[in-house]
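Asks: here is the input, now give the coordinates:
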Amino acid sequence: MYKMMTPGPVQVPEKIRLARSLETGNADLDLDFVEDYKKLCERISHLLHTNNETLILSGEGILGLEAAIASITEPGDRALVLDNGVYGAGFADFVSMYGGKPTLFTTDYRNEINVNALKEYLKNHHDFKYATVVHCDTPSGMLNNVEEISRILKSHNILTVVDSVSGMFGNPLDIDSGKIDIVCGGSQKAVSAPPGLTFVTISEEAKKAMHQRKTPIASFYCNLTIFDNYYETKWFPYTMPISDIYGLDAAISLIEQDSELISRTHAIAVAVQKAIKQAGLKNHLQSGFSDTVTVFDIPSDLNVEDLLSRMLTKHNILLSESFGDLKGKVLRIGHMGSSANVSDVGETLAALDETFHYYNYPLKASLFEVFKENLPAEFI
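Replies: Numbering: from 1, shown residues only. The predicted model follows:
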């Protein structure tokens, strides 16, 4: 099996794989499972620094995003879509799909959202029910300060929806400090479990908006209110994927035990970015560098498919290009969750050294050596 150093899905630790193979009961009728589910939701809330309820949904991360929008959007609702990346712009499709009217606040795709520009815009444009923003936009590696952004939006009584599928547990996130109403995560990124689960934290204000609608939610599966009172009634709206949730429980346990996860991920990201620059390559972004993925431009005389093929066939390492306007132009290295370790990232950069040499592209410095030189001593 190849080593996955992509920006999700990531490598799944053995403890998580084994947890998914445990004998299971009937998730519809097993009262112990209801208790386990609720406790796991509470642990996720605790790790994300919030008193808001967390729900675990059966589906990949995009389910949480669509369910959030479906649950709060009524026909004619105005939504502000903060757009500085592919996923940021993509929220507009969900808004329109459920009858809302999206307004895009589009900024430079190579820089994080400028909070001062947002403040200025909101002075005269704040008649929105809610706003959407992406924490980490993985196609470009963009990181937005969603806590500060959300506080600004809340000062205008605008509900906030944050896509942190690729951000949480790799970048710091304090939901209550940021006053964020809905945050969506996914199992296959920094959580390091396989794809298949999304989890959503929901504020009381967001719940109120869902329950005071004048029109019914135009979905069953993409409807967060179907979980109302699940614990009191001991009844889920659909059969929960019990093996997936056992795996998620093990993944959350590993996160709870890894007190250096956030600081180590940050240190690795900074060292990788410095290695890219000193080797004479170009980090794609100008600001807003995520700690979970590094994206750099491919020199014009090289082919990204050739680089990816060499990395896989010669070094057994899977990296990723991007898509949309960035297809064929950048290469992405994931260093989140279980992949955020010095050994695997170092091996990846050493393999890239060889790959650039193989294609006769002279680097100004060794990616691997610069990476090692810029790591804090406690992580070497």
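Asks: can you map out the strands along this structure?
Replies: For the chain, strands defined by DSSP state E occupy the ranges 3-4, 53-58, 78-83, 101-106, 130-134, 136-137, 142-143, 159-163, 182-186, 197-202, 282-283, 293-297, 317-318, 330-334.
Asks: mind listing what's buried along the second one?
Replies: Residues 53-58 are the ones in strand 53-58 that count as buried (16 or more other CB atoms under 10 Å). Any C-beta I mention is one placed from the backbone N, CA and C, and that applies to glycine too.
Asks: distance between that strand and the chain's centre?
Replies: Between the centre of strand 53-58 and the centre of its chain there are 16 Å (CA atoms, centre = their mean, to the nearest Å).
Asks: so what secondary structure elements neighbour that strand?
Replies: Counting contacts by 3 or more CB pairs under 8 Å, 6 or more residues apart in numbering; DSSP states H and E, strand 53-58 is packed against helix 31-47, helix 61-72, strand 197-202, helix 242-257.
Asks: contacting residues for the one residue sitting closest to the centre of the chain?
Replies: Nearest to the mean C-alpha position of the chain, by CA atoms, centre = their mean, lies Ser166 at 1.5 Å. Residues near Ser166 by CB atoms under 8 Å, 6 or more residues apart in numbering: 7-8, 135-138, 186, 189-190, 290, 292-293, 336.
Asks: quick one: these as CSV, columns for pLDDT and distance to Ser45 too.
Replies: Formatted as CSV, the contacts of Ser166 follow (pLDDT from 0 to 100; distance: CB to CB, whole Å):
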residue, pLDDT, distance to Ser45
Pro7, 95, 25
Gly8, 92, 22
His135, 98, 17
Cys136, 98, 20
Asp137, 97, 24
Thr138, 96, 24
Gly186, 97, 16
Lys189, 97, 18
Ala190, 97, 17
Ser290, 97, 23
Thr292, 98, 21
Val293, 98, 25
Met336, 97, 21
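Asks: out of the helices and strands packed on strand 53-58, nearest to Leu22?
Replies: helix 242-257 (5.5 Å; CB to CB).
Asks: still on that earlier bit, so which of the helices and strands packed on strand 53-58 is nearest Pro102?
Replies: Across the helices and strands packed on strand 53-58, closest to Pro102 is helix 61-72 (CB to CB), at 9.9 Å.
Asks: elements contacting the closest one?
Replies: Using 3+ CB pairs under 8 Å, 6+ apart, helix 61-72 is in contact with strand 53-58, helix 86-97, strand 159-163, strand 182-186, strand 197-202, helix 204-211.
Asks: in a markdown table: these, plus distance to Phe105.
Replies: Formatted as a markdown table, those follow (distance: least, CB to CB, whole Å):
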| stretch | distance to Phe105 |
| --- | --- |
| strand 53-58 | 28 |
| helix 86-97 | 9 |
| strand 159-163 | 13 |
| strand 182-186 | 18 |
| strand 197-202 | 23 |
| helix 204-211 | 21 |
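Asks: ok, which of these comes nearest Leu367?
Replies: Relative to Leu367, the nearest member of the helices and strands packed on helix 61-72 by CB to CB is helix 86-97, separated by 26.2 Å.
Asks: just the CA atoms of the closest one, as CSV, please.
Replies: C-alpha atoms of helix 86-97 as CSV (Å, rounded to 0.1, in the frame of the first residue of the first chain):
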residue,chain,number,x,y,z
VAL,A,86,-13.1,26.9,-4.6
TYR,A,87,-14.9,25.5,-1.6
GLY,A,88,-15.8,29.0,-0.4
ALA,A,89,-17.5,29.8,-3.7
GLY,A,90,-19.2,26.4,-3.7
PHE,A,91,-21.4,27.3,-0.8
ALA,A,92,-23.4,29.5,-3.2
ASP,A,93,-24.7,26.4,-5.0
PHE,A,94,-26.2,25.0,-1.8
VAL,A,95,-27.8,28.3,-0.9
SER,A,96,-29.4,28.5,-4.4
MET,A,97,-30.4,24.9,-4.3
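Asks: re the thing from before, tell me which of the strands of the chain sits nearest to Asp93.
Replies: Per CB to CB, nearest to Asp93 of the strands of the chain: strand 101-106, 8.4 Å.
Asks: and the angle for the closest one with strand 130-134?
Replies: 40 degrees (axes from the mean of the first three to the mean of the last three CA atoms, to 10 degrees).
Asks: related to what we said a few turns ago, with distance to Asp301 and neighbour count added, can I get the contacts of Ser166 in JSON lines?
Replies: Formatted as JSON lines, the contacts of Ser166 follow (distance: CB to CB, whole Å; neighbours: other CB atoms under 10 Å):
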{"residue": "Pro7", "distance to Asp301": "25", "neighbour count": "28"}
{"residue": "Gly8", "distance to Asp301": "30", "neighbour count": "26"}
{"residue": "His135", "distance to Asp301": "35", "neighbour count": "28"}
{"residue": "Cys136", "distance to Asp301": "30", "neighbour count": "30"}
{"residue": "Asp137", "distance to Asp301": "28", "neighbour count": "28"}
{"residue": "Thr138", "distance to Asp301": "26", "neighbour count": "26"}
{"residue": "Gly186", "distance to Asp301": "37", "neighbour count": "27"}
{"residue": "Lys189", "distance to Asp301": "33", "neighbour count": "29"}
{"residue": "Ala190", "distance to Asp301": "34", "neighbour count": "33"}
{"residue": "Ser290", "distance to Asp301": "28", "neighbour count": "27"}
{"residue": "Thr292", "distance to Asp301": "29", "neighbour count": "30"}
{"residue": "Val293", "distance to Asp301": "25", "neighbour count": "30"}
{"residue": "Met336", "distance to Asp301": "31", "neighbour count": "31"}
